[in-house]
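>>> sequence first, then the predicted structure, then my questions.
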Amino acid sequence: MFRLLIERGQRERIPQHLADGGGLAVADQPVLDRLAGRCRLPDGARLKLAARQLQASADPAKIQDGLSHIIAQTRNTVGTCRSIVEWLRPDAGATTALGEGIAQCLKLAGDDWPLRGVEATTKLQATDVLVDKAALRELLTASLIALTDMHPGTLDIDVQSAADADDIELRLHAHAADRRSSLPPAEHERRFTWADVQMLAKLHGVPCSCQAHGTVLRLPRIAAGAA
């Protein structure tokens, strides 16, 4: 069984059969590195936050709430790890329904958003249309990470989709939000930019238009019979 790379900590090597065409593209690696950093049990930052809250209160109800929070976050971490495992499995030519794929990307990229004051809203059309699974998961996840890296702090992200006869147009736009954050902006050794998204888009043959606060991706529709 492979071992996931852990970001900002001890890094481990992925077996060669995965790196050599076994479902893990070289261009994928920065996205996987970032996501893999969340597969740590327990998550140190979250536990420290919960511990501080517990120490500051002798109220049994608040203590119970803090413990419930730790349990919930641990379950979320396990769910994220399972999603990353799914990502790493070979799936050349696999498709996904647009709505399902977007939901998975939001879950992966937004695992810690509630603590950081980041929220996403969706306004989607053609959620049942099939698109290339790898293209959607890599481009959308990278775009979400780039937005939060380039705009640290509390943030609202709008995700919209529209469809024509041939393509799905996926639009992302971010703007600063007036809300509190439980944690300071995340610090990473490598910050994502639109250059990362454009590189992935070129590899997948997906038209991509990036601006300061958002991006537009055009993913080809895939007929159900061709999946």
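Structure's in. What do you need?

>>> and the helices in the chain, which stretches?
Using DSSP state H, the helices of the chain run over residues 16-19, 29-36, 44-55, 60-88, 98-109, 113-116, 133-150, 194-204.

>>> looking at those, which one has the lowest mean pLDDT?
Of all the helices of the chain, the minimum mean pLDDT falls on helix 16-19 (a mean of 37).

>>> quick one, domains of this structure?
Per the record, the chain has its domains at 1-90, 94-226, by automatic domain parsing.

>>> report the contact partners of residue 185.
Shown in contact with residue 185 (Cβ atoms under 8 Å, 6 or more residues apart in numbering): 116, 152-153. Where you see a C-beta, it was placed from the backbone N, CA and C, and this is true even at glycine.

>>> do you know the pLDDT at it?
pLDDT recorded at residue 185 is 70.

>>> any idea how far it lies from residue 140?
22 Å (Cβ to Cβ, to the nearest Å).

>>> swap in residue 215?
10 Å.

>>> which neighbours do those two share?
residue 172.

>>> in stretch 95-104, what's buried?
Judged by neighbour count using 16 or more other Cβ atoms under 10 Å, the buried positions of stretch 95-104 are 95-99, 101-102, 104.

>>> turn these into JSON lines, columns for distance to residue 124.
JSON lines is the format used below for the buried residues of stretch 95-104 (distance: Cβ to Cβ, whole Å):
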{"residue": "95", "distance to residue 124": "17"}
{"residue": "96", "distance to residue 124": "14"}
{"residue": "97", "distance to residue 124": "11"}
{"residue": "98", "distance to residue 124": "7"}
{"residue": "99", "distance to residue 124": "6"}
{"residue": "101", "distance to residue 124": "11"}
{"residue": "102", "distance to residue 124": "7"}
{"residue": "104", "distance to residue 124": "14"}
